[in-house]
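J.: quick one, what's the 3D model for this:
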Amino acid sequence: MLKKNIPVIKFRWYSVALACVLLLVGIVSFIVYGGFNRGIDFESGLGERVQLAPTGLSITYTGAESITLSIASSTITVDVRGEEGVKSYAFAPTSYPTVADVVAGLNKIPGVQAAVIDGSLKTANVLSGYGFPATLGEKETVLNFANGGAVTIDEVRKSLEALGNVKIQTVGAPEDQVFQIRVGVKEGDTQASMEKAISDALAATFGAQNLVVLQSDYVGPKFSSSLLKGSILSIIVALSLILVYIWIRFRFAYAIGSILALFHDVFMLLGFISLFRLEFSSTTVAAILTIIGYSLNNTIVIFDRVRENVKLEKSVSFADIIDHSVTQSMTRTIYSSLTTLLAILPLAIFASGDIKLFAINMIFGVVIGTFSSNFLAPVFLNWITISQQKRKAAKAEQR
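T.: Below you'll find the model as predicted:
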C-alpha cells in the first residue's frame, strides 16, 4: 500500500482536461473521417475471405457411383458410395508428400481421372476452400496449394477497384495470400451477383483456378440496421441497469459519478476506434460491454472504500477521504490491470481477425477504464456530494 495519499482531488482539473482533450480528438476524427469504419455486420454488403494460391491438380469422375472429395488436416479423402456401401481412399502428406504422388494415387480409383498441374507443390499445403466437400463429376475440380506467392494487397485492391465501395485487408502473414474483402450493397445487388462480381474481377487478374474462397458472408440492409439498433440499445440498457444497481447499493451521488465515468469510457473507446480506423462491428460492442464491466468493478471497489472511510473518519474532509480511498485501492488496481493486459497482449500481437480487434479494443479500454475509475469517478463523486451539501445547507438557512 502507498504511504502517501494520491492527490486525486487536488489535480482534478488536470484529469478532466486530459479526458476532454482526448474526447475532442475522437470527435474531430469522427467528423473528419465521416463516421466509423463499419464492419460487414453493421454495414450491409458482402464479406469474403479469399486466398490466392496456385493450382496443383485437376480431377474429374466419369463413373456411375456417387463420389465426394474432402480435405481435413492436409489429408485428401475420397469417398465412393455405391451399392456395396462406402469405400474411402485417404491421401495423407506422410504417404503422398507431393501433388504428383496424390495424382498417382487418385488415378487408381475406378472412374477417376487426375492430372498434375504443378507437381512441385506439397500435399501438406493443400487448401480446403468454399465448396468442399466437393462432389466429383465430369466437370473439372481443382485443388489449390499454399505456396507463399508474391501478390500484394495493392494488386488485389486494383483488381477490384471497378466494384466501387470495396475494403480490403490482409489476414495472417503476407505469404499466406489471404485477403478479407468487403463490398457494399448497391441497388439491385444480390449475394449471388456480388460473389460472381468479386470472383470474376479476381479471376481476370490472377486466374480463376488460383482463387480459393474460404468464407462468404452476406448481410442485407434491414438486418444490418436492426443489428446496429440492437447493439446501441444493449449498451444503453447496460448503463441504465448499472445506474439502478449502484443507486440501490450506495447513494444517488455514487451512481451518477460511476455512470459519468462509464460514459467517458464508452465515448473514449469509440473515439480511439474512429481515430485509428479500426473496424466497428459486433466484436466492438462486445469489447465496450466488457470494458464497462471491468471499469465498474474497479469503481465499486473504490466507492466501497469511500463509504467505509466516511464512517471511520468523520472528522476528515470528504476530499481527503477520496484521496485516501483511491490510494488504498491503487495497489490492487495496478495488479489487476497489469495481469489483464498481460493476458490480452499476446492476442493483440499474434491473433488475427475479430479476436485481434477485440484484444486491441480491450487493451485501450483497460487503460482508459483504470484512469476513469481512479481519477474521474471519484472527482465526479466529490463534485456531486459538495453540490448536495450546499443545497442542504441553503434549505436549512431558509428554514
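J.: contacting residues around the most centrally placed residue in the chain?
T.: In the chain, the residue lying closest to the centroid (Cα atoms, centre = their mean) is residue 354, at 2.9 Å. Residue 354 is in contact with 281, 283, counting by Cβ atoms under 8 Å, 6 or more residues apart in numbering. All C-beta atoms are positioned from the backbone trio N, CA, C, and that covers glycine.
J.: just the strands in the stretch 51-200 of the chain please.
T.: 55-61, 66-72, 75-82, 85-91, 112-116, 134-135, 141-144, 166-171, 178-184 (DSSP state E, counting those that start in this stretch).
J.: what angle sits between the longest one and strand 112-116?
T.: By that I understand strand 75-82. Strand 75-82 runs at 160 degrees relative to strand 112-116, counting by axes from the mean of the first three to the mean of the last three Cα atoms, to 10 degrees.
J.: closest to residue 371 out of the strands of the stretch 51-200 of the chain?
T.: strand 166-171 (30.2 Å; Cβ to Cβ).
J.: run the chain-centre distance for that closest one.
T.: 14 Å (Cα atoms, centre = their mean, to the nearest Å).
J.: elements contacting that strand?
T.: Contacts defined by 3 or more Cβ pairs under 8 Å, 6 or more residues apart in numbering; DSSP states H and E place strand 166-171 against helix 153-160, strand 178-184.
J.: please identify the buried residues of it?
T.: Neighbour counts over strand 166-171 (16 or more other Cβ atoms under 10 Å) mark 166, 167, 168, 171 as buried.
J.: could you do stretch 379-395 as well?
T.: Buried-residue list, stretch 379-395, by 16+ other Cβ under 10 Å: 379, 380, 381, 382, 383, 384, 385.
J.: next: stretch 338-358.
T.: Neighbour-count burial for stretch 338-358 [16+ other Cβ under 10 Å]: 340, 344, 347, 348, 351, 352, 356, 357, 358.
J.: ok, stretch 231-238 next?
T.: So stretch 231-238, judged by 16+ other Cβ under 10 Å, has buried residues 231, 238.
J.: ok, residues contacting it?
T.: 42, 266, 282, 285, 288, 289, 292.
J.: returning to that earlier point: so, if you compare the buried residues of strand 166-171, which one comes nearest to residue 93?
T.: residue 171 (23.7 Å).
J.: so the nearest residue to that closest one once chain neighbours are set aside bridges to which residues?
T.: Excluding its sequence neighbours, the residue lying closest to residue 171 (Cβ to Cβ, 6 or more residues apart in numbering) is residue 178, at 4.3 Å. When bridges are called by DSSP bridges, residue 178 pairs up with residue 51, residue 171.
J.: please apply the same query to residue 87.
T.: Under the criterion used here (DSSP bridges), residue 87 is bridged to residue 80.
J.: let me know whether it touches residue 67 as I believe.
T.: No: taking Cβ atoms under 8 Å as the definition, residue 87 is not a contact partner of residue 67, at 9.6 Å.
J.: quick one: contacts of stretch 374-385?
T.: With Cβ under 8 Å, 6+ apart, stretch 374-385 has contacts from 8-9, 11-12, 15-16, 19, 253-254, 256-258, 260-261, 264, 298-299, 302-303, 306, 318-319, 322, 325-326, 329-330, 333.
J.: pLDDT value on residue 44, please?
T.: You'll see residue 44 listed with a pLDDT of 69.
J.: that should have said residue 35, apologies.
T.: Residue 35 is assigned 83 on the pLDDT scale.
J.: that one falls within a helix, correct?
T.: No: counting by DSSP: H, G, I helix; E, B strand; the rest coil, residue 35 falls outside a helix, being coil.
J.: pull the longest helix from this structure.
T.: helix 318-350 (DSSP state H).
J.: list the buried residues for the helix or strand immediately after it in the chain?
T.: Sequence-wise, the next helix or strand downstream of helix 318-350 (DSSP states H and E) is helix 353-375. Buried residues in helix 353-375, counted by 16+ other Cβ under 10 Å: 356-366, 368-375.
J.: now helix 353-375 against strand 166-171, angle please.
T.: Going by the same axes, to 10 degrees, helix 353-375 makes 90 degrees with strand 166-171.
J.: could you give the angle of helix 353-375 to helix 318-350?
T.: Using the same axes, to 10 degrees: helix 353-375 against helix 318-350 is 160 degrees.
J.: quick one: helix 353-375 to chain centroid distance?
T.: That offset, for helix 353-375, works out to 13 Å (Cα atoms, centre = their mean).
J.: hang on, the earlier thing: what about the contacts of stretch 374-385, which are in helices?
T.: Going by DSSP H, the helices hold 12, 15-16, 19, 253-254, 256-258, 260-261, 264, 298-299, 302-303, 306, 318-319, 322, 325-326, 329-330, 333 from these.
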